[in-house]
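J.: for reference, the sequence and a predicted model appear below.
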Amino acid sequence: MIYRDVCSLGAPGSRNLFLSIVNNASALSQLIQTHAQIIVNGLQYDLATVTKLTQKLFDFRAIQQARHLFFTIPSPDIFLFNVLIRGFSSNASPLSSISLYADMRRNTHLRPDNFTYSFALMAASGFPDEKYGMLLHAQSIVDGSGFELFVGSAVVDLYFKFSLVELARKVFDRMPERDTVLWNTMITGLVRNCCYGDSIEVFRDMVAERVQLDSTTVATLLPAVAEMPELKVGMGIQGLGLKLGFHYDPYVMTGLISLYSKCGQINTARSLFRQINKPDLIAYNAMISGFTCNRETESAVRLFREILASGERVGSSTIVGLIPVSSPYGHLHLTCSFQGFCIKSGIIPNPSVSTALMTVYNRLNEVDLARQLFDESPEKTLAAWNAMISGYTHNGLTDKAISLFQEMMTEFTPNPVTITTILSACAQLGALSFGKWVHDLVKSKNLELNIYVSTALIDMYAKCGNILEARQLFDSMIEKNTVTWNAMISGYGLHGYGHEALKLFHEMLHLGFHPTGVTFLSILYACSHAGLVREGDEIFHTMVNNYRIEPITEHYACMVDILGRAGKLEEALEFIRRMPVEPGPAVWGTLLGACVIHKNMNIADMASKKLFEMDSESVGYYVLLSNMYSVDRNFPKAALIREVVKKRKLAKTPGCTLIEVNGTPHVFVSGDRSHSHTTAIYAMLEKLTGKMRELGYHSETVTSLHDVEEEEKELMVNVHSEKLAIAFGLIATEPNTEIRIIKNLRVCLDCHTATKFISKITERVIIVRDANRFHHFKDGVCSCGDYW
DNA sequence: TTAGGGTTAG
C-alpha cells in the first residue's frame, strides 16, 4: 500500500526526469546506471520509461540487455512490442523480430498497428525468401491496415528487395493515397532492380501529380539517369533539383558528379565538385572515379594524393575508382604501384580491390599477374572468378577460361556476368555443344536472361554456325540495344548473308537505334563478304557524312576489301591514296589478299613492299605472298620471302581443324595420323579423291615445285587438317546430316575446291568456319561464291 | 550519394 503510494506520487515527476536522462544518454554504461535508478525509484514497470529505455538500448546495440528488460515486463503493450520488433530487425536479427511478432499474436490480445506491420515487414525482408513477408502483407490487409501509407511503403519495399517488381507495382497502384515516401520507395526499388526507364516514368507521374519532391527523390534518380543514354533527362532532373534548392544536398551533389562523369561531361562534374564547400570522402570518390572513366589520369591521381595529404583514410571505394586509370598501354608501372599501395595500407585483402586490379592486368594482357592475384586472394568472390574467366577469354585463352569456369561451378552458381563471359569464350572457340550446354543451364536453372546474356547467346550461335537459332533468339528479344543489333548483323556477315545484314541494318535505323563505329564495321564486313560494292560504298559515305563517325583503320581496310575482292584493284589503290590517315599493315595486307585472288602481280608487289617496310609481325601476309610467287613460278622471289620470315623469326601458326561428334571434340593437324580411326579416315579420303578426279578435280598442290625446301614440301604434300576432319565426319556421323568443322586459319584454295566436290559426291551439307567467315558447302557450291 | 566482374568489330 505504501509502495504503491510512493509510485503514484513520485511517478509523474521522476518519469519525466528519467525519460530525459535516457534520451540524452551518450554511453551504454550511463544507461545501465539510469536503469538501476529507475528500479530504485520504482519505475521499473512503467511502460513509457521502459519503452524509451529499450529503444535506447537498441541504439547502443545492447540487444541482450534489451531482450532481458523486455521479459521483466509482465504485460507489455503494443508500443513496447513495436520497439522490440524494430530493434531486432534493425540489429540484423530478423528471426527474433518475426518470432516476437508471432508470439504477440498467439499469446496476447494486442492488436498490431501500422508500426507493428511496417517493422515486421522490414524484418521479413531479411529472410532468404518472401514467405513471411507475404504472410504479413496478407494479415495487414485482413486487419485493415494494409493500405495505410507506412504499411504500404514497407510492403512495396519488401517486394522490391525480393525483386518481385510486378508485385511491388501492383501494391503501389492500388494504394488509395500516396505520399513522397511511397513514391520514393517505388522509384528506389525500380532503380535497385535496374528498371531505369520505368523509374523515370514513375518520376514523371510523380511530377505530374504534383507530389512534393525531396532530395531523396532527386538523389535516387540520378544513378538511373546515368544508365540512360539520353542526358537530357538528367538535365531535367538537375534543373528540378536546383529549382527546389536540393543542389546543396550532399547526396544530390555527389549523384550529379557521378552522373555527369558517366555521360562524359567531366568539366561540369569538376565544377560541381569545386562548388562543394568541404567535400566528404564519398564526394572525392565520385570525382576520382569520374576522372578515371574519362581518362583524366593526372587529375585522378592528383585528387587521390590530395586525400592522402589531408590525412584522411582512403577507403577501398577510393582505390577501386582509381585503379582503372592505369589500364591504357604503357601504364603497367602505375597498376603495380597501386597494388603496392594497397598492400602497404592493408587495403588489399578487399575482394573488390583485387578484382579491379585483376581486370586491369587482364586488359594489359598480363594474364599471369592477374592469375597470381587471383590465387593469392583469400576470399574469392564470384566477381573475382568472373574477372579471371573474362581475362582468359579476352586474351584468347579460351580453353583456360572454360576449365576455370568448370572449377568455379563447384563453388558458385554462375550469374549473368559469368554466363555472358563463358558464352563469349564458346563463340571464340566455336564450341557449339558447350555453348548449347550453357544455354540449357540458363534454361534449367532459370538463370536471368538479360540483354547481355541474350546478345552473347546470339553471338555464340552465329559464330558456332547456327545462324537460324541466332535469328530466332534475336526475334524473341523484347528489349534490344545497339550491341544486340551489331551482333546479329555481324553474324549475317560471317555467313555471307549480305542482304539479310543490310535489311537488318536499315530496320535498325528505322527503329531509331544509333549506329556506332562497330555497326558500320559489321555492315561493311557483311558487304565485303557478299560482294556488295555499291552498297558498301554508300554505307561508308553515310557513316562519314551523315553520322559523322570518323573511320578507323578497320573501316578503311574493309572498304579496300570490298573494292579489292570485286576486282577493282585500281580503285582500291586510289582509295588508299586518298585516305586522310597513314594506311597501316591491315590496309596493305587486305589489298595484297585481293591481289592474290585476282592474280595482279604489279599491285601485289607494291603492297608487299609497303608491308615489308612496316615490319609487320603478321606472318600471314608473307605466306600469302610466297604462295602467290610460287603459283606464278617466280621461285627466287618466293624463296626470298621465306628467308625474310626466317630472319624475322616469325613462326607460322600451324593449321588445325576441329570437329565435334556427339559432343566430343576431335582436333586434326596437317598430315595427322594420331587419331584412332586413322586407317579408315585415309581410306575414305582415297575413295573420295578417286571419285573427285572422275568429276574433273585436279589438286592444286605445289608438289611439282622444285624450289621448295624439303621440310616445307612435306607440309605441302601432307593432307590438310580440314580434309581429315571432313573424312572423319563422313565416317562418324549419320548420312544426310550436316558436317560442321572449324579451322583456325583461312581455308586454302585446294581444300575449298575439294570440299565443294565432296559435298556433291556425298550429298552432305558441309559447314566450314575458317579464320574469316563461314562457308556453307552444298551440292558442289559454296555460299561464299568462291570469294573469301 | 561513391567502387569491382559482362555482350558486338578487328
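T.: Here it is on my side, so go on. Residues are numbered from 1 along each chain as shown, chains lettered A, B, ... in the order given.
J.: where along the stretch 651-788 of chain A do the helices fall?
T.: For the stretch 651-788 of chain A, the helices defined by DSSP state H, counting those that start in this stretch cover A:678-694, A:710-717, A:721-732, A:749-762.
J.: residues from the stretch 451-600 of chain A in reach of DNA strand B?
T.: For the stretch 451-600 of chain A, the contact set with DNA strand B under C-beta under 7 Å from any atom of the strand comprises A:451-453, A:455-456, A:459, A:463, A:481-484, A:486-487, A:490, A:493, A:516-519, A:521-522, A:525, A:554, A:557, A:586. Placement of C-beta: from N, CA and C, glycine included.
J.: grab the nearest non-local neighbour of the residue positioned nearest the centre of chain A.
T.: Relative to the mean C-alpha position of chain A, the nearest C-alpha, by C-alpha atoms, centre = their mean, is the one of residue A:417, at 5.4 Å. If you skip the residues right next to it in sequence, residue A:417 has residue A:386 as its closest partner in space, 4.8 Å away by C-beta to C-beta, 6 or more residues apart in numbering.
J.: wait, is the one you found part of a strand?
T.: No. Assessed by DSSP: H, G, I helix; E, B strand; the rest coil, residue A:386 does not belong to a strand; its assignment is helix.
J.: distance of it relative to DNA strand B?
T.: 4 Å (C-beta to the nearest atom of the strand, to the nearest Å).
J.: pretty sure that residue contacts residue A:419?
T.: No. Under the criterion of C-beta atoms under 8 Å, residue A:386 makes no contact with residue A:419, lying 9.8 Å away.
J.: spatially nearest residue to residue A:181, not counting backbone neighbours?
T.: Of all residues not flanking residue A:181 in the chain, residue A:153 sits nearest, at 5.6 Å (C-beta to C-beta, 6+ apart).
J.: looks to me like the one you found is in a strand.
T.: No. Counting by three-state DSSP, residue A:153 is not part of a strand but helix.
J.: that one reaches residue A:118, doesn't it?
T.: Yes. Contact criterion C-beta under 8 Å: residue A:153 and residue A:118 qualify, at 7.3 Å.
J.: any idea how far residue A:612 is from residue A:621?
T.: 9 Å (C-beta to C-beta, to the nearest Å).
J.: residue A:333 too?
T.: 33 Å.
J.: with residue A:252 instead?
T.: 57 Å.
J.: before we move on, what about residue A:353?
T.: 43 Å.
J.: just for the stretch 601-750 of chain A, where's the confidence low?
T.: For the stretch 601-750 of chain A, applying pLDDT under 70 flags the ranges A:615-618, A:649-652, A:700-717.
J.: quick one: the strands in it?
T.: Remark: strands assigned in the stretch 601-750 of chain A by DSSP state E, counting those that start in this stretch are A:656-661, A:664-669, A:739-743.
J.: could those strands go into a markdown table alongside mean neighbour count and distance to residue A:401?
T.: Formatted as a markdown table, the strands of the stretch 601-750 of chain A follow (neighbours: other C-beta atoms under 10 Å; distance: least, C-beta to C-beta, whole Å):
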| stretch | mean neighbour count | distance to residue A:401 |
| --- | --- | --- |
| strand A:656-661 | 20 | 16 |
| strand A:664-669 | 17 | 15 |
| strand A:739-743 | 25 | 17 |
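J.: could you redo those strands as a markdown table and give each row distance to residue A:101?
T.: Output for these, formatted as a markdown table (distance: least, C-beta to C-beta, whole Å):
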| stretch | distance to residue A:101 |
| --- | --- |
| strand A:656-661 | 57 |
| strand A:664-669 | 57 |
| strand A:739-743 | 61 |
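J.: indicate which one of those strands is closest to DNA strand B.
T.: strand A:739-743 (14.8 Å; C-beta to the nearest atom of the strand).
J.: can you get me a residue count around the spatially closest residue to residue A:606 that is not a sequence neighbour?
T.: Nearest in space to residue A:606, with sequence neighbours left out and distances taken as C-beta to C-beta, 6+ apart, is residue A:573 at 7.9 Å. Using other C-beta atoms under 10 Å, residue A:573 has 19 other residues around it.
J.: and residue A:573, how far from DNA strand B?
T.: Residue A:573 sits 20 Å away from DNA strand B, going by C-beta to the nearest atom of the strand.
J.: give me the residue from the stretch 651-788 of chain A nearest DNA strand B.
T.: The nearest approach of the stretch 651-788 of chain A to DNA strand B comes at residue A:772, 7.7 Å away (C-beta to the nearest atom of the strand).
J.: could you measure from the residue nearest to residue A:417 over to residue A:359?
T.: Distance from residue A:386 to residue A:359, by C-beta to C-beta: 10 Å.
J.: the more surrounded of the two?
T.: A direct count of neighbours by other C-beta under 10 Å for residue A:386 and residue A:359 places residue A:386 higher, at 25 against 22.
J.: list the contacts for the more buried one?
T.: By C-beta atoms under 8 Å, 6 or more residues apart in numbering, the contact set of residue A:386 is A:415, A:417, A:418, A:421.
J.: neighbours of the spatially closest residue to the first one that is not a sequence neighbour, how many?
T.: The reference is to residue A:415. Closest residue in space to residue A:415, ignoring its immediate chain neighbours: residue A:382 at 6.0 Å, by C-beta to C-beta, 6+ apart. Residue neighbour count, defined by other C-beta under 10 Å, stands at 17 for residue A:382.
J.: and residue A:499, by the same measure?
T.: 13.
J.: could you do residue A:674 as well?
T.: 8.
J.: closest residue of the stretch 551-700 of chain A to DNA strand B?
T.: residue A:554 (4.4 Å).
J.: sec struct for that residue, please.
T.: helix.
J.: who touches stretch A:742-754?
T.: Contacts for stretch A:742-754 (C-beta under 8 Å, 6+ apart): A:430, A:620, A:653, A:655-659, A:692, A:697, A:699-701, A:720-723, A:755, A:768-772, A:775, A:782, A:786, A:788.
J.: which residues touch residue A:596?
T.: With C-beta under 8 Å, 6+ apart, residue A:596 has these contacts: A:604, A:624, A:625, A:627, A:628.
J.: actually residue A:314, sorry about that
T.: A:281, A:304, A:307, A:308, A:345, A:347.
J.: out of those, who's nearest residue A:501?
T.: Residue A:501 has its nearest neighbour among the contacts of residue A:314 in residue A:304, at 46.2 Å by C-beta to C-beta.
J.: the closest one and residue A:61, how far apart?
T.: 34 Å.
J.: again with residue A:641
T.: 77 Å.
J.: neighbour count winner among these two?
T.: Counted by other C-beta under 10 Å, residue A:641 and residue A:61 do not tie: residue A:641 has more neighbours, with 21 against 14.
J.: without its sequence neighbours, what residue ends up closest to that one?
T.: Excluding its sequence neighbours, the residue lying closest to residue A:641 (C-beta to C-beta, 6+ apart) is residue A:626, at 4.4 Å.
J.: tell me the contacts of the one you found?
T.: A:638, A:641, A:642, A:645.
J.: so for stretch A:370-380, what gets flagged as buried?
T.: A:370, A:371, A:373, A:374, A:377, A:380 (16 or more other C-beta atoms under 10 Å).
J.: gap between stretch A:17-37 and the chain center?
T.: 53 Å (C-alpha atoms, centre = their mean, to the nearest Å).
J.: could you dump it to CSV, C-alpha only?
T.: In CSV, the C-alpha atoms belonging to stretch A:17-37 read as follows (Å, rounded to 0.1, in the frame of the first residue of the first chain):
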residue,chain,number,x,y,z
LEU,A,17,13.3,13.2,-15.4
PHE,A,18,14.3,9.7,-16.3
LEU,A,19,12.9,10.0,-19.8
SER,A,20,15.1,13.0,-20.4
ILE,A,21,18.2,11.3,-18.9
VAL,A,22,17.6,8.2,-21.0
ASN,A,23,17.1,10.3,-24.1
ASN,A,24,20.3,12.2,-23.6
ALA,A,25,22.5,9.2,-22.6
SER,A,26,25.7,9.1,-24.5
ALA,A,27,27.1,5.8,-23.4
LEU,A,28,25.8,2.4,-22.5
SER,A,29,27.2,2.5,-19.0
GLN,A,30,25.2,5.6,-18.3
LEU,A,31,22.1,3.9,-19.5
ILE,A,32,22.7,0.9,-17.2
GLN,A,33,23.2,3.2,-14.2
THR,A,34,20.0,5.0,-15.0
HIS,A,35,18.2,1.7,-15.2
ALA,A,36,19.3,1.0,-11.7
GLN,A,37,18.0,4.3,-10.5
